[in-house]
Structure formats: C-alpha cells, structure tokens
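Enquirer: Any chance you can model this:
(3 chains)
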Amino acid sequence: MDIFSQQLINGLTYGSLLGFIALGYTMVYGILNLINFAHGDMVTLAAFLAITIAPLAVAAGTLAMIITLAAVVVSVCIIAILLEKIAYKPLRAAPRLSLIVSALGAGMVIKNAIMLIWGANPRIFPRNLFPAGLAKFSDISVSYLSVIILLLNILVMLTLYIFINKTRVGIAIKALSTDYSVAELMGVNVNNTVMIVFLIGGGVGALGGMLIGASYTTVTFSMGFDYGIKAFIAAILGGIGSIPGAMFGGLLLGLTYTFCSGYVSSAWANTVTYLLLIILLIFRPNGLFGRSLVQKV
Amino acid sequence: MKRKLLIAVLLVFCTIYPIFANSAWLTIGATFFIFSLVALSQDIVLGRAGVYDMGHAIYFGMGGYIFAILVTKLGMNFFAAAFAAVFLPALLALAVVTPVIHLRGDYFLVVSIGLNFIFTQILNNNPFRLTGGPNGIFGIFPAPFMGINFSSSVFIYYFAFIVITLTIAIMNNFDNSRYGRAFYFIYQDDLAAASMGINASYLKQIGFMMSAVLAGFAGVLYALEYSAVSPETFSVDQSITFFAIVIVGGQGSLPGVLLGTFAMFVLPELFRGFADVRYLIFGIAMVAMMVMRPRGLMPTKYGFYPKKLFGGDT
Amino acid sequence: MNNPPVNNIILSVRNLTKSFYALKAVDNVSFDLSEGEILGIIGPNGSGKTTLFNCISGVIKAETGQIIFEGNDISGKSMDIIAKMGIRRTFQTIRLFRDMSVAENIYSGFYTKSNQNLFHALTHSGLYGTDEKLAWESVKKLAQFFLIDGYLTYKADDLAYGLQRKVEIARAMLSEPKLLILDEPAAGMNDSEKTELSEMIRVIAKNTTVLMIEHDLDMVMDLCKRIIVLNHGMILAEGLPEEIQNNKEVITAYMGPDDYRIYGPGA
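Expert: I've put the predicted structure just below:
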C-alpha cells in the first residue's frame, strides 16, 4: 500500500481524534469564553480509567467493552461537572485571566493525580477494548479501529448538530454562546445549561481518550497537554464555537501534522503545524470560519 | 514609613546573605533572583500591557542559549556575549510579535504557546549542531576578567541581586510615568486609550522589547549560575508557571510577583521531600487562590496622584 | 454668547456611507463644520448619529466618502492618529478607565502633550519632574473648572453617572483639542446638571469647535447655532434651530404624522 494513502488514513484518524477533543473545547469556549485547559487532562484520565476498569469488566464477557466504555464515560462526566462547580462556577463574574489560571491549576491537579495513582511511566492500553483487525479495500488496508473512529466522528458531529439546532437545550446552548446576558434574562437556566455543555464535552472527550489509547497503544499521564493544545488550535481553525468547525479543524490539523511527519520529518512536524496556524491567524484573525465580533461603541 | 523600613531590612538581609548561606542556599538565592527577573518581565507584558503571553520562556531561553553559544562555540568574552544575549532577544521579540500583536487575547495566547513549542523543538533538534539537542549546552565558563571569576557563586549572587534591585527601581519609575500609566489605560480600555492618542500596538511592542531584555538578562545569569542550559528550562510548562505567578501574585504588583516566584521556585526547594506531590499542591493552590482572590494575592491599587499637589493619596 | 460664525471650515464630510451588512447606517452624508461653531446632530434613535461620529473619530472605517480635517484627509485613519491631530470625543456608553482615579483619567489627556520619552520614564531624570508637575496641575485646574476637583481621588467607577460624564469631557479637554465631539453628553443628568453642562460647553466653545449629538432638544436648541437632523442614515434637514423646529418633515420623523410642534425656547 502506498505511502500517500497510508498517511491519508493516519491523518484522518489522528484528525478525528483531535476533533473529538476539540468539541469539548469549542463548546465550553462558545458559552463561557474559557479555554478549558483541564480538558486534555480529562481525556487522559479517561484512557487511564479504561486501563483499570477493563480488566475488571472482563468477567462480563461480551458486554465487557460496553460496560467499560459506559463506566469511563460516566466517571469522566461526573468529574467534568465537579470541575465546573469547583474551579469555574465561582469565577463566572471574575476577570478572564483568573479563569485561565484556575483552569491551568485544575489541569495540573488532574494530571498529577493521574501520575500519583498510575505512576509516571507509560502504560499499555487494553488491546481488546475495541475490535482489532484490518479491513481490505482493493489494495488499501485500513484497521477496523480507524473505520470506527471515522464513522464515530461523523456520527457524533451529526448528532450534536441536530441536538444544538433542534432541541430546547441545544438552542439554549446556542443562545448562551451568542449573547450570555440576554439569554440569561430570557430565562435560560444558565447553571443547568453550562452543566450539560460540560457533560457533552466530557463524554465525547472521554470517548476520544479511549480511542487514543486504542490507536496508539501506550498512554502517559502527561499526554493531555499536547492533544489539548492541538485540539484547541483545531477549534480555532474551524471557528471557535462551531461544532462542525471543530471536527473540520481537527481533520485539517491531523492531516497537516501527519503529512508533515511523513514527508518532511517528524522532528519538525510540530513546528510546521504551529507555523501554519500562526500564519493563518495573521491573515484570518478569526480562524477559517469564525465571524468577527462587532463591537458596540 | 513601614514600607521603607521593610525594604531596608530586605536589602540588608540580601546583602549579608552570602556570609552565612552555604553553597546550596547561595544557589537558591541567586535562582530566586533570576526567576523573579523573568516573572517581572512577564508582568510587564501580561500584568501591565494585558497581553496574554504564555510563551515568555522563549526570551529567557534566547538569552541563555545565545550567551551559551557565543561563549562555548565562539569563545567570546563575557561582556560581548552578555551584551548580545541581552539585546538580541529584544529584536527577535519585535520581529516575532509584531505580526500577531493585534490578535485577540486568547488567540494570541495559543500563538505564544505555539511559538514556545517551535522554540523548544528547534533547541531539541540541534540545527547546525548549535543548540546541543535535548542535553543542551554545558561547560559555560567565560574567561575571567581582571581577576573577576564570572562563574563564582558569590559573584553571580551579587550580580543577580544588583540586576533585580535596579530592575525593580526602574520599573517603579516606569509605572509612575507617562508610558507606565499609558499601559494601565490600554489594559483598562484600549479603545478609550486610542481616543486619547495612545497607540496600543506600539506600546505593546515597546513592552515586549523591554521585557525581552530583562528575560534575556535572566537567561545570561541562569547560564552563568548553572554553567549549562537545556531545553526543559525554557519549555511551555515554564511559561505557564510564569503566567500563573503573575496572575496569582497580582498583575502589575511587584510584591505579588515576588511572592509568587518565591512560592513556585523557592518553596519546592525547602520541601524537597514532597517532590512528587509538589505540582498537585500547586494546582490545588492555583485553583483555590483564584476562587478566593480572583484579582491576585496583592492586587495593584490604582488611584495615584502626587501627594504634594493634591494633599494625601489614596 | 456664541462667537459670530467664522468662515474657516475645520471639518468637511463628503458623501460618507457606512453599511453594516445590508443596513445603511450612514447614507451619503455631507456637511461642513466651521471653526468655532457648535453644531448639533439630532435624530431619532437608530438614525446613524453615533455611527457618523465613529467614522469621523476613527473607530470604524466608512465604505465611501471623505472626511477632511484642517485640510487633511482622515478617512480610514486609526483612532490614535486622529486623536493626535486634535480631535477628541466622548462616548455614548461612558468609557472611563474604571478602576483608576478621576485624576488619572483626566491625566490620560496629557499623553499627547507630554514630552517624556522612554528614557525619562525609566530614570525620572531630566524634564520628567517639570513634565509631571505640569500634567497634574493641568488636571487640577481642569477639574476645578468642571467642578469635580473634590472627586479627584475617587475611583472613576464609584462616581454617579452625571459626574462620570463630566470626567469624560474633562479628559477629552485636557489636551486642548481643536474639535470636541460629544456623544449624548447630557444623558443621565438632571436639570441643574444640564444647565451647568450647557454653560461649560459654551465656555469650551470659545476656543474649541464642538460637534454634539444630543437628545435633549431644549439643550440643543439653546446651545447650537446650527442643527443637522439625521433620519435613516440620511440628512433630513439642516439649518438654524428655529428652522428645524418648524420643519414639517423633522416633526413627522420624531412624532409621527400628526401636526404637533416641537416646543423650544421662543415657541
């Protein structure tokens, strides 16, 4: 199989994973104007929780995978809600920078808690959590996992798109993202809506974390930051606050990074990726699809 | 009056410190000064001009590495190498920051992180065999001059002490000047400031250059103190630490920033035994600090006007 | 007493148009402003007055048209450059430096007059001392003129709305601008404050050209020698207060199609 197709699939896979994580960032930022720095660490937490829970669920036989997935997602969602209540809610009226530092601190806590519990060394992710094996399309072989990731990517995006635009809660989320104070005055229950956003971001992120573990076999307690930053960049690229944008930005970033890694050099892949982002932001300060904010003077 | 007394006591303490401090503690003292210098430089950009710079370790690193390369690879003398290492970061800061200075806060933040990553990747990849890769550059011993051994602990301590004291005095001057106050105006409302003829981009660039000079100086001091530089000292994690110090300590607040540096860099030395949980505690402290005192430990007080002219101050 | 009109034209707006997406906020507006006059811009809400001021002062860029100040084309120039040329303004939503003292707020007007350079700022040497003294004394004098010198030490945010407006105007006046643009300066003031403000504007107008938006029609008719009425982004009428008061189209624009008169001084 030729290099190009292989890189393409790798890039799309990596990009989809970034998209999962970017969703959490973009939704939280859309509502609270907050970069949830702790998000990447929660994604990591999901992977590590899976490492611990999977062996315990083996006893359930074929249901093991579903139980593990569910347990991890639920746990991360709970922690996401706790995170919001402890580190963000008290600071709703505080200056933006205080929120940023609080988020950084929360991320630090989660990251180091993972290190203290599971150790500083890389751990191996359970191999049997997702179906293994290769599918063959003419002369291209793609792993089942990649297919699952790509399909889930589309599925999640569609589901969320419908949710945001067709349900009451979704519209409330949209309202808060557009104009926080007015939405509040119009009777949107801010606390519940914010909680739901964190739930969604946390849940999808947890899924992403486990898929990352399955894709790359080893996980380390510190891997959250790199994924997190790339995911946030993806969210910006696609236009912050936009759900399809997050997925699209993730794919774009994933492909860029992978092709650079493959064709130029893996040592410089990060550099090229970040350079592209910077150049893009110079010419389009609101990302690819973002709208500029009109200031009332 | 109480404040002047406190400052005098601190100055005396710092001056006689090397007499009773052993070599390890001398290093801690000098390191405190060095990291305070970087934190102060971060405070100019973040605490005064209000730019969300989370890649400030770059300028610290530029100073350290430029000094290291000039001394070890080109055999330059101390003065020339230090001069270059202090002022080149300012030029590079200007070149790099100018195209992106107009970006809104959070986007600038991400760009600055990206730049930091690029910087450390360059250091790690050892292009043209200049930067020494992940191990960095060691053996930085500039030739002595007129009997002064630049690598002696005592010399470095006093050098750092003088630099930081001068910096604090100068920054204090700056805050009470046309430009220093203009920074506060930009931070409060850059549109209103513009309507008063204040060009925010221009001032931010000046702020960046000033802070790059200070951070570069800190880099030189660091290279002298440890006779080595390596990429981890100038990583994004470090930048985040400096960022947090300024916000937790209080933006634009001198005592706040010093306190924050003490907490993040000196306390860990005192509690070496708890090395593992150190960052966990920091994280908890950061969240707690922000929730309890969102404006920082010792936030700046505005409301200045000269006592003599108006009688009494706020 | 207003000065007799001087024929020297200080500001010239030509065919200015500014749209926000499909909405033409300012539609082909042209007018001249003579040096020393007080020109009032009135019109119903949403008629484009503030957008016009934003174009002139550099907050936004108009699509077409020209703005010429003292012979220089300032259309599209940035705010700080326009400010340096001698145009200062106040804002519809008051934009003071909230956490800073009243004194510091007014001091910001001295920025363009100050002679301190970076070296002076860092070392407090040379002309620093005299420059600072001059700055703060100007602040105090101006505060006394505006009757707010008792509030110099107060945090700007702590002041009542009417007082904040005065601080904003004082801040704009410190640099002795050639053109002062006021966006609804009397908003939120009671009658005695408005009378005080009118007097202050009259004194200001002796040395400064004033361009103002105001909804209080009594005040406008009293202060302004000339009035322009905007509606839907276009100039509806232009002329002396008495002419505007009796202009049928203006009355219709404000009141709807009924035969009411706007009561002003001398009606």
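Enquirer: ok, B:A193 - how many residues close by?
Expert: 26 (other C-beta atoms under 10 Å in any protein chain shown). Quick note: C-beta positions are derived from backbone N, CA and C, even for glycine.
Enquirer: Check A:I3 too.
Expert: Counted with other C-beta under 10 Å, A:I3 comes out at 10.
Enquirer: just the one 5 residues further on next, same as before
Expert: Other residues within reach of A:L8 by the criterion other C-beta under 10 Å amount to 16.
Enquirer: Contacts only, for B:F108.
Expert: B:V51, B:Y52, B:D53, B:V100, B:I101 (C-beta atoms under 8 Å, 6 or more residues apart in numbering or on different chains).
Enquirer: most surrounded residue in these?
Expert: Busiest of these [other C-beta under 10 Å] is B:D53, holding 30 neighbours.
Enquirer: what's the distance between that one and chain C?
Expert: 20 Å (C-beta to the nearest C-beta, to the nearest Å).
Enquirer: Check which residues of the longest helix anywhere in chain C are buried.
Expert: In chain C, with assignment by DSSP state H, the single longest helix is helix C:128-145. Within helix C:128-145, the residues that count as buried by 16 or more other C-beta atoms under 10 Å in any protein chain shown are C:Y128, C:D131, C:E132, C:A135, C:W136, C:S138, C:V139, C:K140, C:L142, C:A143.
Enquirer: Please list the residues outside it that contact it.
Expert: B:177-178, B:305-306, B:309-310, C:102-103, C:106-107, C:110, C:113-116, C:120-121, C:149, C:151-152, C:170, C:173-174, C:200, C:203.
Enquirer: Likewise for stretch A:103-112?
Expert: Contacts of stretch A:103-112 (C-beta under 8 Å, 6+ apart): A:34-42, A:44-45, A:79, A:83, A:86-88, A:221-222, A:224-225, A:228, B:240, B:243-244, B:277, B:279-280, B:282-287, B:289-290.
Enquirer: Sketch out the low-pLDDT regions of chain C for me.
Expert: By pLDDT under 70, the weakly predicted segments of chain C are C:1-7, C:255-267.
Enquirer: who does the host helix or strand of C:L211 pair up with?
Expert: Using DSSP states H and E, C:L211 sits in strand C:209-213. Strand C:209-213 pairs in its sheet with strand C:38-42 (parallel), strand C:179-183 (parallel), by DSSP bridges.
Enquirer: Run the chain-centre distance for the helix or strand just after the last one.
Expert: Scanning forward in sequence from strand C:179-183 by DSSP H and E, the next helix or strand is helix C:191-204. Per C-alpha atoms, centre = their mean, to the nearest Å, the displacement of helix C:191-204 from the mean C-alpha position of its chain is 14 Å.
Enquirer: If you count contacts, what does helix C:191-204 end up packed against?
Expert: With contacts defined as 3 or more C-beta pairs under 8 Å, 6 or more residues apart in numbering or on different chains; DSSP states H and E, helix C:191-204 has these neighbours: helix C:161-173, strand C:209-213, helix C:217-223.
Enquirer: Residues contacting that helix, please?
Expert: C:1-2, C:38, C:145-147, C:162, C:165-166, C:169, C:173, C:180, C:182, C:185-186, C:189, C:210, C:212, C:216, C:219, C:222-223.
Enquirer: Columns mean neighbour count on top of the helices and strands packed on helix C:191-204, output as CSV?
Expert: Formatted as CSV, these follow (neighbours: other C-beta atoms under 10 Å in any protein chain shown):
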stretch, mean neighbour count
helix C:161-173, 22
strand C:209-213, 24
helix C:217-223, 20
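Enquirer: Out of those, which is closest to B:G219?
Expert: helix C:161-173 (41.0 Å; C-beta to C-beta).
Enquirer: The closest one vs helix C:128-145, what angle?
Expert: 140 degrees (axes from the mean of the first three to the mean of the last three C-alpha atoms, to 10 degrees).
Enquirer: Helix C:161-173 vs chain B: in contact?
Expert: Yes: Helix C:161-173 lies within reach of chain B by C-beta under 8 Å from any C-beta of the partner chain, at C:R171, C:A172.
Enquirer: That helix vs chain A: in contact?
Expert: No: Helix C:161-173 stays clear of chain A (C-beta under 8 Å from any C-beta), getting no nearer than 13.4 Å.
Enquirer: Who are the packing partners of that helix?
Expert: strand C:87-89, helix C:102-107, helix C:128-145, strand C:179-183, helix C:191-204.
Enquirer: Out of the ones you listed, the one nearest C:D158 is which?
Expert: Once the helices and strands packed on helix C:161-173 are compared by C-beta to C-beta, helix C:102-107 is nearest, at 9.3 Å.
Enquirer: Summarise which helices and strands the closest one is packed against.
Expert: So helix C:102-107, by 3+ C-beta pairs under 8 Å, 6+ apart, packs with helix B:178-188, helix C:128-145, helix C:161-173.
Enquirer: now do 7 Å
Expert: If contacts are counted by 3 or more C-beta pairs under 7 Å, 6 or more residues apart in numbering or on different chains; DSSP states H and E, helix C:102-107 sits against helix C:128-145, helix C:161-173.
Enquirer: interface residues of the stretch 101-250 of chain B facing chain C?
Expert: Residues of the stretch 101-250 of chain B lying close to chain C (C-beta under 7 Å from any C-beta of the partner chain) are B:170, B:173-174, B:177-182, B:184-185, B:188-189, B:191-192, B:194-199, B:206.
Enquirer: Is it possible to mark the buried ones in those residues?
Expert: B:170, B:173-174, B:177-182, B:184-185, B:188-189, B:192, B:194-199, B:206.
Enquirer: Report the contact partners of A:T193.
Expert: A:V169, A:A172, A:I173, A:L176 (C-beta atoms under 7 Å, 6 or more residues apart in numbering or on different chains).
Enquirer: So B:S235 is in contact with B:F119, correct?
Expert: No: between B:S235 and B:F119 there is no contact under C-beta atoms under 7 Å: 9.0 Å.
Enquirer: Compare those two and say which one has the larger neighbour count.
Expert: A direct count of neighbours by other C-beta under 10 Å for B:S235 and B:F119 places B:F119 higher, at 24 against 19.
Enquirer: Please give the element, helix or strand, for that one.
Expert: Here B:F119 is assigned to helix B:105-125, by DSSP H and E.
Enquirer: Put the alpha carbons of that helix into PDB.
Expert: C-alpha atoms of helix B:105-125 as PDB (Å, rounded to 0.1, in the frame of the first residue of the first chain):
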ATOM      1  CA  GLY B 105      -6.300  37.700  23.800                       C
ATOM      2  CA  ASP B 106      -7.000  34.000  23.700                       C
ATOM      3  CA  TYR B 107      -5.700  33.600  20.100                       C
ATOM      4  CA  PHE B 108      -2.500  35.400  21.000                       C
ATOM      5  CA  LEU B 109      -2.200  33.000  23.900                       C
ATOM      6  CA  VAL B 110      -2.400  30.000  21.600                       C
ATOM      7  CA  VAL B 111       0.100  31.600  19.200                       C
ATOM      8  CA  SER B 112       2.500  32.200  22.000                       C
ATOM      9  CA  ILE B 113       2.200  28.600  23.100                       C
ATOM     10  CA  GLY B 114       2.800  27.600  19.500                       C
ATOM     11  CA  LEU B 115       5.900  29.800  19.300                       C
ATOM     12  CA  ASN B 116       7.200  28.300  22.500                       C
ATOM     13  CA  PHE B 117       6.800  24.800  21.200                       C
ATOM     14  CA  ILE B 118       8.600  25.800  18.000                       C
ATOM     15  CA  PHE B 119      11.400  27.300  20.100                       C
ATOM     16  CA  THR B 120      11.900  24.100  22.200                       C
ATOM     17  CA  GLN B 121      11.700  21.900  19.100                       C
ATOM     18  CA  ILE B 122      14.400  24.000  17.500                       C
ATOM     19  CA  LEU B 123      16.500  23.600  20.600                       C
ATOM     20  CA  ASN B 124      15.900  19.900  20.700                       C
ATOM     21  CA  ASN B 125      16.600  19.300  17.100                       C
END
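Enquirer: Sketch out the helices for chain B, chain order is fine.
Expert: Counting by DSSP H, the helices of chain B are B:2-20, B:23-42, B:57-72, B:78-97, B:105-125, B:153-175, B:178-188, B:190-195, B:200-226, B:236-249, B:254-261, B:267-270, B:278-292, B:307-310.
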